[in-house]
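Visitor: Predicted model and sequence follow; I will ask about them next.
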Amino acid sequence: MSEKFFAMISRMKYIDRWALMRNTISENISEHSLETAFIAHALALLRNRRFGGNINAERCALLAMYHDTTEIITGDLPTPVKYYNPEIRSVYAEIENVAAERLLSYLPDDLRADYEPLFVPYEQEKELWKLVKAADKISALIKCIEERKMGNDDFSSAEKSTLESIHALEIPEAEMFIDEFLPAFGLTLDDQTTLK
């Protein structure tokens with residue numbers, strides 16, 4: 001029998017984000033997951049280099065690559081809906097668990113145990129998942145900045161609330177990333193490519 005896991009994973013490119021918002025440029029969960037992985041990797045490196053951490057930056061990036069894969073089955077539920085109240089959040093979490101189990105069932109038996117931690121957070125990777133969550137929010141913030149830069153004011157309140165949610169995480173590496181790397185997202189390509 002043909003295993004369906006990677007054929008399903010490839011469908012990430014068909015799931016658009018920000019469904020309730022007018023988008024100047026659409027973004028799918030495949031693009032978002034890669035950007036989140038880049039950022040999560042950087043956050044882990046910042047922790048190790050500047051805060052005396054000793055975490056696996058490559059593992060952090062891998063977790064970020066898979067963090068939204070269940071949305072292949074569930075779709076991208078908009079944040080205002082997902083967090084409307086605790087009951088909806090709880091039910092949606094259960095739906096995500098069922099979706100994760102379904103995706104894992106598409107793997108050969110001898111590989112499932114290797115992929116399960118990418119879908120079901122393990123206690124020993126709690127710190128990595130916190131960085132993935134921060135990276136996820138930073139990626140959303142970047143989207144808001146890019147949309148605003150293109151004259152799309154629909155993202156103004158999302159930008160403000162996303163920045164507040166990042167601050168609420170109280171992750172120093174995220175604050176450092178925002179301070180050091182986020183300003184460049186407001187630059188033109190010419191400004192970005194000019195040497196200091």
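Guide: That came through fine.
Visitor: buried sites along the lengthiest helix in the chain?
Guide: Across the chain, the longest stretch assigned as helix under DSSP state H is helix 126-149. Residues of helix 126-149 classed as buried by neighbour count (16 or more other C-beta atoms under 10 Å): 128-148. For every residue, glycine as well, the C-beta is placed using N, CA and C.
Visitor: Stretch 32-48 too?
Guide: For stretch 32-48, burial by neighbour count (16+ other C-beta under 10 Å) applies to 32-33, 35-47.
Visitor: Could you tell me which of those belong to helices?
Guide: Using DSSP H, the buried residues of stretch 32-48 in helices are 32-33, 35-47.
Visitor: which of those residues lies closest to residue 84?
Guide: Sorting these by distance to residue 84 puts residue 32 at the head of the list, at 21.7 Å, by C-beta to C-beta.
Visitor: Identify the residues contacting that closest one.
Guide: Contact partners of residue 32, counting by C-beta atoms under 8 Å, 6 or more residues apart in numbering, are 17, 68, 139, 143.
Visitor: which pair in those spans the largest distance?
Guide: Taking C-beta to C-beta, no two of the contacts of residue 32 sit farther apart than 68 and 143, at 13.6 Å.
Visitor: Quick check: the gap between the residue lying closest to residue 38 once chain neighbours are set aside and residue 118.
Guide: Nearest residue to residue 38 in three dimensions, chain neighbours excluded: residue 61, at 7.4 Å (C-beta to C-beta, 6 or more residues apart in numbering). For residue 61, the distance to residue 118 equals 11 Å [C-beta to C-beta, to the nearest Å].
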